[in-house]
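Colleague: Here's my sequence, what's the structure:
(one chain, ligands or ions: 2)
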Amino acid sequence: MMSEKQAKNDAGWNFDNSYSRLPHFFYTKINPTPVSSPKLILLNTPLAASLGLNEGALRSRDSLAIFAGNQIPDGGLSIAQAYAGHQFGQFNRLGDGRAHLLGEQLTPYGERVDIQLKGSGKTPYSRYLDGRAGLGPMLREYIISEAMYALGIPTTRSLTVVSTGETFLRETEQSGAILTRIAASHIRFATFQYASEFGTVDELRALADYTIRRHFPEALGAENRYLALLEEVIQRQAQLIAKWQLVGFVHGVMNTDNIAVSGETIDYGPCAFLDVYDPETVFSTRDTEGRYAFGKQPEIAAWNLARFAEALLPLLHDDEKQGAQLIANAIAHFSKQYHANWLAGMRSKLGIWKEESEDESLIQGLLHLMHTYRADYTNTFRALTLDKPEDTLMYDKLDFRQWYERWQARLSRQQETKADSQQLMRSHNPAIIPRNHRVEEALASAVNQEDYTVMERLLEVLSTPFAYSPEQVDYVSPADLTACAYRTFCGT
Ligand code: AMP
Ligand code: MG
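Modeller: Ligands and ions are numbered 1, 2, ... in the order given. Here you go, the predicted structure:
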């Protein structure tokens, strides 16, 4: 006969809690605050399978209690993580104010991933805030993070959203919800800043060694493993930010507490994708200075990396001056790596296989035209991919036609056929992105009418962004461009 414990674990949970073996300084043991009448709104079945979890069991009452924070799964250990970082340039002591890390799922495929509840109640790091999250923002994180995953961009993922059956007051009354987030880890730049600012060198070293073992084991063999850690983190940021820029993603709150050392995109707040190409695009109402505008993201990434590197300084070198020199060299390398990644990605977006020195000017030429004529970012590349330049809406402009001829000439200079180039473009230019008005429409019917069908259809088409399928055509158009600029609110 099956024991009670086994029955409870039909879901397939297989927890380890390595983070809680770090010094206590890094976290507080605390359980989520129970909620009254939870309901499962979304379950990500392919993700569940990839974690070794059983879909049927995840739909049970026992599992619902876990996703609602009412029960800790066998082997789990609920903690809130401490961190301290720069928010809009200001250093603050922070930590998980509304999130609980239940532990790390060891998957049948050899992976270790964090299972975290978000919106699950107060912790000692909540400050004056309520520990809760709204249904709209949690569904939004689910939609955007899964869209990012499908676009091939490193990201945390979303396993479930449950509504809590409770409401709370922000600007308006909100329905509560809890997101179960899956991440390579939740170690943030701000976790290192916290250790560096408030901890001992031993605590900082413990965090660095833990991070290296968990994410960068290759660095263990390096002459200076902490420098190798820094270089790896820089490399992953250079890859990640290039991918954001290539699809037109604006994170919105690149505070150092929202940057994961693993190189995954994390903390989806007031983020959105560009419609019109404009480097100055800002979606967040909180970002009044445009600090985190689309075109500033690479520069901000370098700034964040400098803060991360400074936190590592005591480990990098016994001599502070020489340590600072190591940091300066490493950060300088970021810009080069970022640029190389971006340029390579842009070549692919234009069907260019091999480098020519004029390519960058060709690419900048197109971006300049898109900016001048307020062209839609995704749809311009989509039209070029489909070989329908007339759909770019710039086709009647002489300077665009000149650019187009120049581009065609460039393509004809390569050995690859036109079909080869189109294939390359199709795999780099998404046919669809989560358009702001489509996301809002899905959230409105979910939150206001409890109708989840609009969201489910949206999730379905977003799951294959490179398909160029007929069903996607309905989702390609941007919102009415004469409408007010789209704004997201950080009531997240
Ligand atoms: P964010 O800007 O969403 O990344 O949040 C910054 C910090 O505020 C993090 O430490 C969050 O845990 C915390 N926080 C955000 N919203 C809440 C909330 N409703 N209750 C408690 N803490 C919060
Ligand atoms: Mg955050």
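
Colleague: Tell me which helix or strand the closest residue to Asn258 other than its chain neighbours sits in.
Modeller: If the residues on either side of it in the chain are set aside, Asn258 comes closest to Asp267, at 4.0 Å by Cβ to Cβ, 6 or more residues apart in numbering. Placement of C-beta: from N, CA and C, glycine included. Counting by DSSP states H and E, no helix or strand carries Asp267.

Colleague: residues near Asp267, how many?
Modeller: 23 (other Cβ atoms under 10 Å).

Colleague: Could you measure from it over to ligand 2?
Modeller: 4 Å (Cβ to the ion, to the nearest Å).

Colleague: same thing with Leu246?
Modeller: 24 Å.

Colleague: what's that residue sitting at in phi/psi?
Modeller: phi -70, psi -30 (degrees, to the nearest 10).

Colleague: what are the ranges of the helices in the stretch 151-300 of the chain?
Modeller: 189-198, 201-215, 225-247, 297-316 (DSSP state H, counting those that start in this stretch).

Colleague: Tell me which residues of the first one come out buried.
Modeller: Right, helix 189-198. Within helix 189-198, the residues that count as buried by 16 or more other Cβ atoms under 10 Å are Phe189, Ala190, Thr191, Phe192, Gln193, Tyr194, Ala195, Ser196.

Colleague: check contacts around the nearest residue to the fourth one once chain neighbours are set aside.
Modeller: What that stands for is Phe192. Distances taken as Cβ to Cβ, 6+ apart place Ala311 nearest to Phe192, at 4.1 Å, with adjacent residues excluded. Neighbour list for Ala311: Phe189, Phe192, Gln193, Ala195, Ser196, Glu197, Leu204 [criterion: Cβ atoms under 8 Å, 6 or more residues apart in numbering].

Colleague: Please report how far the fifth one lies from Val250.
Modeller: Meaning Ser196. As defined by Cβ to Cβ, to the nearest Å, Ser196 lies at a distance of 29 Å from Val250.

Colleague: Send me stretch 342-350 as PDB with only the CA atoms.
Modeller: Extracted C-alpha coordinates of stretch 342-350, given in PDB (Å, rounded to 0.1, in the frame of the first residue of the first chain):
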ATOM      1  CA  TRP A 342      23.800  42.400 -31.200                       C
ATOM      2  CA  LEU A 343      25.500  42.800 -34.500                       C
ATOM      3  CA  ALA A 344      25.500  39.100 -35.200                       C
ATOM      4  CA  GLY A 345      21.800  38.900 -34.300                       C
ATOM      5  CA  MET A 346      21.000  41.900 -36.600                       C
ATOM      6  CA  ARG A 347      22.900  40.300 -39.500                       C
ATOM      7  CA  SER A 348      20.700  37.200 -39.000                       C
ATOM      8  CA  LYS A 349      17.600  39.400 -38.800                       C
ATOM      9  CA  LEU A 350      18.500  40.700 -42.300                       C
END
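
Colleague: now what about it, what contacts it?
Modeller: With contact meaning Cβ under 8 Å, 6+ apart, stretch 342-350 is reached by 242-243, 245-246, 298, 353, 355, 359-360, 362-363, 366, 381, 384, 407, 410, 424-425, 427-429.

Colleague: tell me the contacts of the residue of the stretch 301-450 of the chain at minimum distance from ligand 2?
Modeller: Residue of the stretch 301-450 of the chain nearest ligand 2, by Cβ to the ion: Asn304 (13.2 Å). For Asn304, the contacting residues are His86, Phe189, Gln237, Met254, Thr256, Ile259, by Cβ under 8 Å, 6+ apart.

Colleague: mind redoing it with 10 Å?
Modeller: Going by Cβ atoms under 10 Å, 6 or more residues apart in numbering, Asn304 touches Gly85, His86, Phe189, Ala190, Gln237, Ile241, Met254, Asn255, Thr256, Asn258, Ile259.
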